[in-house]
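Trainee: Pasted the sequence and its predicted model underneath.
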There are 2 protein chains.
Amino acid sequence: MLMRLGYGRLACACNNRPYIVPIYFAYDADRLHCFSTLGRKIEWMRENPLVCVEADEVRGHDDWASVVVLGQYVEIPNTRDCAKSREHVRSLLQKRSLWWQSGYTASQIRRKAKLPVPVFYCIQIEEMSGLRGSPDTCEKRSPQARTLRKSR
Amino acid sequence: MLMRLGYGRLACACNNRPYIVPIYFAYDADRLHCFSTLGRKIEWMRENPLVCVEADEVRGHDDWASVVVLGQYVEIPNTRDCAKSREHVRSLLQKRSLWWQSGYTASQIRRKAKLPVPVFYCIQIEEMSGLRGSPDTCEKRSPQARTLRKSR
């Protein structure tokens, strides 16, 4: 589902104050690859790398699914050494036509005269849980619902 | 938009670890009224009342809107003194046919033998910001986009 959707909400926290933003991502093995421009979200995640990502798909009140990921923010530095990593993330994200949208939108809204600073990062998945409601088993744990503890 | 949607994602945080869950709510003046059953989310918010709620409406990549609310968790105690407040919240939420769903689902999934403990609470809004992208002004700040600082 994460692979198919590629869209969700990211929560980060600073001084125990949580903050949610919509994000686009590319799911690859044990991580979510993301892009943003420098702003509150990135500053907070640099300070505190603990994050949560939620994605859901609601077709109707009796046909829905949601996934919650707990993970760590890992920034890909803008250095020559990391050029290959950045290119890998860029190629994964480019499969999604709107991957740049949330970062670009944020930078436009901040209306900074200077060019936005691009930041590539990934969310290293530590724990993932999912819930699903289907017409036959609405509001019950379904075989697809599971909790995967990858660490902690 | 909050009034119309009545559905979004709530982030709370414990020891600087954020956690997101989908919620139903009723928007009323300066607060969001919500219902849940006792679980991780409620335990975390009792410990740390700082929360964030995000709601969005995506009709297409060039036609979307999102609202982010920063606020404080305020629980309505299960006491006789608060019976009227609880009834008020219940009446607001009952206008939404699925208001009980997220709490009920969570309690089902926990599969506790004992009856779930209902918790009524509200999010006292401190700060609200919104973004909108329209076909003509996609990815630009629109007249509707605004930040309302209610405090802080």
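Mentor: In hand now; what should we look at?
Trainee: And the pLDDT at residue A:10?
Mentor: Residue A:10 carries a pLDDT value of 95.
Trainee: sec struct for it, please.
Mentor: strand (DSSP: H, G, I helix; E, B strand; the rest coil).
Trainee: Between its first and last residues, what's the separation in stretch A:17-37?
Mentor: With C-alpha to C-alpha, to the nearest Å as the measure, stretch A:17-37 spans 21 Å from end to end.
Trainee: Is there contact, residue-wise, from that stretch to chain B?
Mentor: Yes. Interface with chain B: stretch A:17-37 contributes A:17-22 (C-beta under 8 Å from any C-beta of the partner chain). Every C-beta, even on glycine, is put in place using the N, C-alpha and C of the backbone.
Trainee: And stretch A:45-52, by the same measure?
Mentor: Yes. Using C-beta under 8 Å from any C-beta, stretch A:45-52 reaches chain B at A:48, A:50-52.
Trainee: In that stretch, which of the residues would be classed as buried?
Mentor: The neighbour-count check on stretch A:45-52 (16 or more other C-beta atoms under 10 Å in any protein chain shown) flags A:45, A:48-52 as buried.
Trainee: what's across from residue A:24 in the sheet?
Mentor: residue A:7 (DSSP bridges).
Trainee: With secondary structure, distance to residue B:88 and pLDDT as new columns, can the residues of stretch A:45-52 next to chain B be given to me in a markdown table?
Mentor: Listed next are the residues of stretch A:45-52 next to chain B as a markdown table, based on DSSP: H, G, I helix; E, B strand; the rest coil; distance: C-beta to C-beta, whole Å; pLDDT from 0 to 100:
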| residue | secondary structure | distance to residue B:88 | pLDDT |
| --- | --- | --- | --- |
| A:48 | coil | 37 | 97 |
| A:50 | strand | 36 | 97 |
| A:51 | strand | 36 | 97 |
| A:52 | strand | 31 | 97 |
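Trainee: Among the residues of stretch A:17-37 next to chain B, which lie within strands?
Mentor: A:17-22 (DSSP state E).
Trainee: Just give me the closest of the residues of stretch A:45-52 next to chain B to residue B:39.
Mentor: residue A:52 (15.5 Å; C-beta to C-beta).
Trainee: longest strand of chain A?
Mentor: The residue-count maximum for a strand in chain A (DSSP E) belongs to strand A:118-133.
Trainee: mind listing what's buried in that one?
Mentor: By 16+ other C-beta under 10 Å, the buried positions in strand A:118-133 come out as A:118-126, A:128, A:130-133.
Trainee: contacts with chain B among these, please.
Mentor: Among those, proximity to chain B is found for A:131, A:133 (C-beta under 8 Å from any C-beta).
Trainee: would you turn the buried residues of strand A:118-133 into JSON lines with distance to residue A:11 and pLDDT?
Mentor: Output for these, formatted as JSON lines (distance: C-beta to C-beta, whole Å; pLDDT from 0 to 100):
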{"residue": "A:118", "distance to residue A:11": "22", "pLDDT": "82"}
{"residue": "A:119", "distance to residue A:11": "17", "pLDDT": "88"}
{"residue": "A:120", "distance to residue A:11": "20", "pLDDT": "90"}
{"residue": "A:121", "distance to residue A:11": "15", "pLDDT": "93"}
{"residue": "A:122", "distance to residue A:11": "16", "pLDDT": "93"}
{"residue": "A:123", "distance to residue A:11": "11", "pLDDT": "96"}
{"residue": "A:124", "distance to residue A:11": "16", "pLDDT": "97"}
{"residue": "A:125", "distance to residue A:11": "15", "pLDDT": "97"}
{"residue": "A:126", "distance to residue A:11": "14", "pLDDT": "96"}
{"residue": "A:128", "distance to residue A:11": "15", "pLDDT": "93"}
{"residue": "A:130", "distance to residue A:11": "17", "pLDDT": "87"}
{"residue": "A:131", "distance to residue A:11": "17", "pLDDT": "81"}
{"residue": "A:132", "distance to residue A:11": "21", "pLDDT": "79"}
{"residue": "A:133", "distance to residue A:11": "22", "pLDDT": "72"}
